[in-house]
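A.B. asks: I'll drop the sequence and a predicted model, then ask my questions.
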Amino acid sequence: MAAHDKQSAELSRYKLSWLTTDDNDGYHRVGCPAVLGKCRCPLRPASMARPQHLPEILEPPQLPAVCCTKQSLTVPAAVNAKTAQAHDYPSAAWRSSYARRSGAERSNSRLKDPAGINLDVRGWCKLMGLTPLALFLACACVVVNFSLVDAFETHELEEARRSSPPQPRPRKRRRRTPADLARVTAGPPSS
């Protein structure tokens, strides 16, 4: 996983970088990594004078893309409007951010579960008005959170038990009956 995270960080390091934030219409500007000093590219002669430790584009495209001919590009709001995310897709930051979604979906499903609280039914609260509904919903969320905490603590205790070294099992002592004791003390018959 650490190698994957390192590759993801490299991927985000050398992509087109944002130069400005979104304006009122949703447009922003991005710049070429070679222009911004992140790599060396033969299509950008000034970038070839940078230090040798920077990665170099060994085979630049024969027909340069727009980003290779201009200093920066304007990206309209329609580009990736649905898929724009705060973090790069395969990175560790994306995974931790996306994990919050499954937690929220799990809580929603527990609130709507017919075997549990069942908020998905019309008339689940007999009182009218915003305040009673908000109060009942807050109490339902507290109940769901307590059940999640209980499940988490139970899981942690089980994991701790499994990871600890096994304890030796106590030896069972065999019970001796009075008849067994009488045979032992009497000894074998003499002839």
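C.D. replies: That came through, no problem.
A.B. asks: Give me the residue ranges of the chain where confidence is low.
C.D. replies: Filtered on pLDDT under 70, the chain yields the residue ranges 80-83, 184-191.
A.B. asks: Could you rerun that using 90?
C.D. replies: Residues of the chain that meet the criterion pLDDT under 90 lie in 1-39, 44-47, 52-130, 132-133, 136-137, 144, 147-148, 161-191.
A.B. asks: Now the top helix by length along it: buried residues?
C.D. replies: Secondary structure assigned by DSSP state H gives helix 130-163 as the longest helix of the chain. Neighbour counts using 16 or more other CB atoms under 10 Å place 136, 140, 144 of helix 130-163 among the buried residues. Where C-beta positions appear, they are placed from N, C-alpha and C, glycine not excepted.
A.B. asks: Please apply the same query to stretch 117-131.
C.D. replies: The neighbour-count check on stretch 117-131 (16+ other CB under 10 Å) flags 117, 119 as buried.
A.B. asks: just stretch 108-116 next, same as before
C.D. replies: Across stretch 108-116, burial judged by 16+ other CB under 10 Å covers 110-111.
A.B. asks: One more: stretch 53-70?
C.D. replies: Along stretch 53-70, these residues count as buried under the neighbour rule (16+ other CB under 10 Å): 54, 57, 67-68.
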